[in-house]
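**Q** below are the sequence and a predicted model for it; my questions follow.
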Amino acid sequence: MQTDVLIVGAGPYGVAVAEELYAQGTDFVIVGHPFALWYDHTLDCMFLRSDRQASQIHNPDDRYDFVEWLAKTGEGAALVDDRVPVAVYRRYLDDVTALLPYPIERQLVTALARHGEGFRATLEDGTTVESRVAVIATGIGTHRHVPEEVAALDDRWVLHSWDTDAIQEIEDKHVLVIGSGQSGAETARSLRLGENRVTWVLRHDPFWFSEPLRLPPRLFKLAMKGSAAFYRLPLGIRQMLSGAVFRTTITPGLKPVYEDPEVRTLIADAAGLRLSSRDDGVHSALTGVTYDLVVSATGFRCSATGLPFLDQDLATELDKATVKSPGQAGIAAPRLDTNFSTRVPNLFMLGGIAEGSYGPAQRFILGSRQAAPRIARAVQQSFAAAA
């Protein structure tokens with residue numbers, strides 16, 4: 001199979017790029033499972049962190065306007081304190097997927113390497129796709145972070161908050177949840193719905209805030225939309241500003257979980273728990289308790305090494321120019337130019353892995369509105385110059 005542009009990933013960022021390329025008439029193939037984060041790795045009891053205006057799938061003509069969809073379908077009545085239940089959002093994504101005017105190759109890329117001046121990808125079924133340009137929009141799934149003290153435990157007793165199906169099946173167990181942010185709180189809430197006993201370990205007291213960053217809603221949206229200007233600031237200033245607003249937060253609606261008498265809370269870190277594997281679970285020398293399971297709700301750290309399908313030569317080349325992402329200690333992601341292009345010609349990246357270059361906007365759907373048009377224009381200009 002040959003195409004001009006290969007898009008790896010069919011979430012909000014991959015689809016946003018596809019929408020832009022489709023509108024300008026560029027040939028492309030998009031590979032991935034559509035919006036898998038919300039269908040397969042989001043707890044059923046969750047609510048979106050971003051509000052309605054910041055949660056719609058990008059299209060150049062606002063074809064998938066989320067606020068309009070809520071009003072037209074009557075689904076807006078299901079919002080709770082203006083928060084969108086994930087069940088409602090899944091129905092919106094169902095409708096968006098049905099409206100897409102191009103097919104999605106619903107499998108994963110297992111290998112991506114240079115091929116001449118372009119790229120060759122291998123898919124799960126053995127199909128190969130050759131392209132002039134490759135766009136990586138694979139989201140956060142392969143970048144799961146687990147503290148080394150937890151990673152050293154017996155795999156039988158350890159889950160990550162990404163493993164939502166497994167978490168929702170747990171019943172009548174004693175579960176240790178490690179994580180100070182939203183996913184820790186949501187995991188604890190889901191486990192309590194299953195009548196589990198929960199010990200929730202946080203590195204610090206919760207910081208209750210309605211938005212994902214320490215900014216009021218209007219400033220949050222402005223920061224998201226202003227990431228192009230953010231990119232042009234000196235790197236040191238970018239990292240300073242990100243640090244000023246970057247902090248693990250939890251929405252106030254989850255306070256009842258923290259206050260639940262059946263949830264034991266503890267201020268500690270993974271090392272301080274002094275965990276060890278046993279035949280019947282995981283023992284903590286700090287609490288003196290053996291837990292049936294441990295859930296590491298410790299987030300994601302995006303880097304080129306977290307892309308397992310990348311050819312080693314590609315990964316090595318990307319590692320020659322990196323930038324630290326705020327809130328991701330010791331992790332450096334590929335440095336991107338003003339068009340989200342890497343140092344590898346015709347290889348683009350967007351989404352969470354672009355945070356180091358473009359700031360926190362790339363962790364949210366709203367960031368796709370800036371990234372996708374830039375990539376599409378850069379591709380079009382590159383093809384025109386080569387013609």
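**A** Noted; the coordinates are in hand. Computed from a prediction, not measured in an experiment: that's the story for all the values here.

**Q** CA only for contacts and neighbour counts going forward, please
**A** Noted.

**Q** show me the beta-bridge partners of Ser284.
**A** On the basis of DSSP bridges, Ser284 is bridged to Leu275, Val289.

**Q** could you verify my assumption that it touches Gly272?
**A** No: using Cα atoms under 8 Å, Ser284 makes no contact with Gly272, being 9.1 Å away.

**Q** and the two? Which one has more around it.
**A** Between Ser284 and Gly272, counted using other Cα atoms under 10 Å, the more crowded position is Ser284 (17 against 12).

**Q** okay, the longest helix along the chain in PDB with CA atoms only?
**A** Ranked by residue count, the top helix of the chain under DSSP state H comes out as helix 368-386. Output of helix 368-386 as PDB, limited to C-alpha atoms (Å, rounded to 0.1, in the frame of the first residue of the first chain):
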ATOM      1  CA  SER A 368      -5.000  19.600  18.100                       C
ATOM      2  CA  ARG A 369      -6.600  22.800  16.700                       C
ATOM      3  CA  GLN A 370      -3.200  24.300  16.500                       C
ATOM      4  CA  ALA A 371      -1.100  21.300  15.600                       C
ATOM      5  CA  ALA A 372      -3.200  19.700  12.800                       C
ATOM      6  CA  PRO A 373      -3.400  22.800  10.500                       C
ATOM      7  CA  ARG A 374       0.300  23.500  10.900                       C
ATOM      8  CA  ILE A 375       1.200  20.000   9.900                       C
ATOM      9  CA  ALA A 376      -1.200  19.900   7.000                       C
ATOM     10  CA  ARG A 377       0.200  23.200   5.600                       C
ATOM     11  CA  ALA A 378       3.800  22.100   6.000                       C
ATOM     12  CA  VAL A 379       3.000  18.800   4.100                       C
ATOM     13  CA  GLN A 380       1.300  20.700   1.300                       C
ATOM     14  CA  GLN A 381       4.200  23.200   1.000                       C
ATOM     15  CA  SER A 382       6.700  20.400   1.000                       C
ATOM     16  CA  PHE A 383       4.900  18.500  -1.800                       C
ATOM     17  CA  ALA A 384       4.500  21.700  -3.800                       C
ATOM     18  CA  ALA A 385       8.300  22.500  -3.500                       C
ATOM     19  CA  ALA A 386       9.200  18.900  -4.600                       C
END
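
**Q** now Arg52: closest residue in space, sequence neighbours ignored.
**A** The spatial neighbour of Arg52 that comes closest, neighbours along the chain excluded (Cα to Cα, 6 or more residues apart in numbering), is Val67 at 6.1 Å.

**Q** surely the one you found is within a helix?
**A** Yes: secondary structure of Val67, determined by DSSP: H, G, I helix; E, B strand; the rest coil: located in a helix.

**Q** burial of it, as a residue count?
**A** Around Val67 there are 16 residues (other Cα under 10 Å).

**Q** over to the one 3 residues further on?
**A** In terms of burial, Leu70 registers 19 neighbours under the definition other Cα under 10 Å.

**Q** if we ignore the residues flanking it in sequence, what's nearest it?
**A** Nearest residue to Leu70 in three dimensions, chain neighbours excluded: Gly76, at 4.7 Å (Cα to Cα, 6+ apart).

**Q** touching, that neighbour and Phe66? I think so.
**A** No: using Cα under 8 Å, Gly76 is not in contact with Phe66; the gap is 9.9 Å.

**Q** contacts only, for the residue nearest to Gln182 when sequence neighbours are not counted.
**A** Of all residues not flanking Gln182 in the chain, Ile250 sits nearest, at 4.7 Å (Cα to Cα, 6+ apart). Ile250 makes contact with Gly181, Gln182, Ala185, Pro206, Phe207, Trp208, Phe209, Ser210, Pro212, according to Cα atoms under 8 Å, 6 or more residues apart in numbering.

**Q** distance check, the third one against Glu171.
**A** To Glu171, Ala185 is 17 Å away according to Cα to Cα, to the nearest Å.

**Q** how about the residue nearest to Leu70, secondary structure?
**A** helix.

**Q** from Phe309, how far out is it?
**A** For Gly76, the distance to Phe309 - Cα to Cα - is 40 Å.

**Q** before we move on, what about Val17?
**A** Val17 sits 20 Å away from Phe309, going by Cα to Cα.

**Q** can you give me the helices in the stretch 201-350 of the chain?
**A** Under the criterion DSSP state H, counting those that start in this stretch, the stretch 201-350 of the chain contains helices at 217-225, 227-231, 235-245, 255-259, 270-273, 312-318.

**Q** which of Val17 and Phe309 has more neighbours?
**A** Neighbour count, other Cα under 10 Å: between Val17 and Phe309, Val17 has more, with 28 against 18.

**Q** roughly how far does the spatially most central residue of the chain sit from Phe364?
**A** Taking Cα atoms, centre = their mean, the centroid of the chain lies closest to Ile140, which sits 3.8 Å from it. Distance of Ile140 to Phe364, computed by Cα to Cα: 11 Å.
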